[in-house]
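Asker: Please find the sequence and the predicted model below.
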Amino acid sequence: MTTTEDPTTTAAAVDPGPLIKLTIADCAAKVLHSAVTLGVFAALAEGPRDAAHVSRRTGIHSRMAPDFLDALAGLGLLERTDGRYRNSLLAQAYLVPDSTSYLGGFVELTNETLYGTWGRLTEALRTGEPQHLDPDKGGFVGDRHQDPAKMKRFLAGLDAYSDRMGAELARRVDWRRHTSFTDLGGARGNLAAVLAQAHPHLRATCFDLERTRPLFTEHISGLALGDRVAFVGGDFFADELPQSDVFVLGHILHGFDTERRRTLLRRVFDALNPGGTVVVYDRMIDDDRSDPERLLSSLHMRLVSPDGSEYRVADCRDWLREAGFTDGAAEPLLGTHTLVTAHKEAAA
Ligand SMILES: C[S@@+](CC[C@H](N)C(=O)[O-])C[C@H]1O[C@@H](n2cnc3c(N)ncnc32)[C@H](O)[C@@H]1O
């Protein structure tokens, strides 16, 4: 059978199931988002409880509770035995608030930032324009700067992710060869702090826009790192970058067009000490452009920024080479990202 055959004839031989599943795929995501927001996993953290208990604790209406809780069980987030629900291992590990492995902040952040924006995909596809909820204010944190409570939740969500990323980078990069690093666009410094905690010989700089300084100061002062993690405020396209042995660029290149990515990598090369390392991670697109998750991530960047997108691993390597770096080894990171590491040769 070829794809040019009469659709009715083709339909007789092809199961529409995958299409129906895809059509309602966002319902499953919303079930997870609402369960985190309403505190279902917190309510079940202590052990099995019935639906009435969960409803009382979370405020979920009795008309909705049975289907909602069973749907969560069907999605692998709860388990149901004899009418009582408990968190699945996955939910107990990552969705119980106040645990160090909590990823619920990230789930809430996703809910808050993705839903409205992706609801405008058709508009974006027609106009080519980003559909960020707050296009006038620009930038990554947008209007959250005006609302401290919103900002705090947002940053906590990001930290849930950077905790994991930091632990991974602490293991994957050979930090023994280096004494200093700069996290470029390091937000409130959480990743820098995780790396500095893991490797006490390192001095860290978090470089970000000046407006981020108060958030950094508040966050880092609570972490007892002394003066090992400093903040430098500035524009990484215009201001001098700190001299360092390592530069980390996490979720930075995807925010800009190719020319600015090249410019930034050249500036990083110039600021890097000879023998130094640059570490880039993003949800890079496979060179074949076939991984749907990476392509959805790239579409997301096009939805929320005027010039951003994900980019291919091969392109990243080319830009690094053009900037003067050697190597450019690429490896998977956390199952969702790609890590590219390159070097500046030691002075002869
Ligand atoms: C998407 S966030 C990435 C944060 C962090 N690196 C991570 O991976 O979670 C981008 C960061 O870059 C900062 N940023 C954006 N443009 C910048 C510029 N021109 N100069 C300095 N920092 C900038 C933003 O303030 C924000 O903290």
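Answerer: Yep, that arrived. Numbering: from 1, shown residues only.
Asker: Now residue 181: which helix or strand?
Answerer: In the assignment (DSSP states H and E), residue 181 maps to strand 180-184.
Asker: ok, now which ones touch residue 302?
Answerer: 124, 130, 308, 309 (Cβ atoms under 8 Å, 6 or more residues apart in numbering). Heads up, the C-betas are built off the backbone N, CA and C, glycines and all.
Asker: what's next to the following helix or strand past the strand holding residue 181, contact-wise?
Answerer: Later in the chain than strand 180-184, the nearest helix or strand by DSSP H and E is helix 190-198. The set of residues external to helix 190-198 that reach it, using Cβ under 8 Å, 6+ apart, is 158-159, 162-163, 165-167, 169-170, 175, 181, 183, 186, 202-206, 219-220, 223, 225, 228-229, 248, 250.
Asker: Show the buried residues in those residues.
Answerer: 158-159, 162-163, 165-167, 169-170, 175, 181, 183, 186, 202-206, 219-220, 225, 228-229, 248, 250 (16 or more other Cβ atoms under 10 Å).
Asker: For the stretch 101-250 of the chain, what lies in contact range of the ligand?
Answerer: Selection of the stretch 101-250 of the chain residues close to the ligand by Cβ under 6 Å from any ligand atom yields 140, 158, 162, 185-187, 208-209, 212, 235-237, 250.
Asker: Tell me the bridge partners for the residue in the stretch 201-348 of the chain positioned nearest to the ligand.
Answerer: As assessed by Cβ to the nearest ligand atom, the ligand sits closest to residue 250 within the stretch 201-348 of the chain, at 3.3 Å. Listed beta-bridge partners, residue 250: residue 281 (assigned using DSSP bridges).
Asker: From residue 206, how far off is it?
Answerer: 12 Å (Cβ to Cβ, to the nearest Å).
Asker: Same check on residue 112?
Answerer: Counting by Cβ to Cβ - residue 112 and residue 206 are separated by 24 Å.
Asker: And the strand holding residue 181, what does it pack against?
Answerer: When contacts are defined as 3 or more Cβ pairs under 8 Å, 6 or more residues apart in numbering; DSSP states H and E, strand 180-184 sits against helix 190-198, strand 203-208, strand 244-250, helix 258-271.
Asker: Lowest-confidence member of the contacts of residue 302, which is it?
Answerer: Among the contacts of residue 302, residue 130 has the lowest pLDDT, at 90.
Asker: Look up how far residue 255 lies from the residue most central in space within the chain.
Answerer: In the chain, the residue lying closest to the centroid (Cα atoms, centre = their mean) is residue 161, at 6.3 Å. According to Cβ to Cβ, residue 161 and residue 255 sit 16 Å apart.
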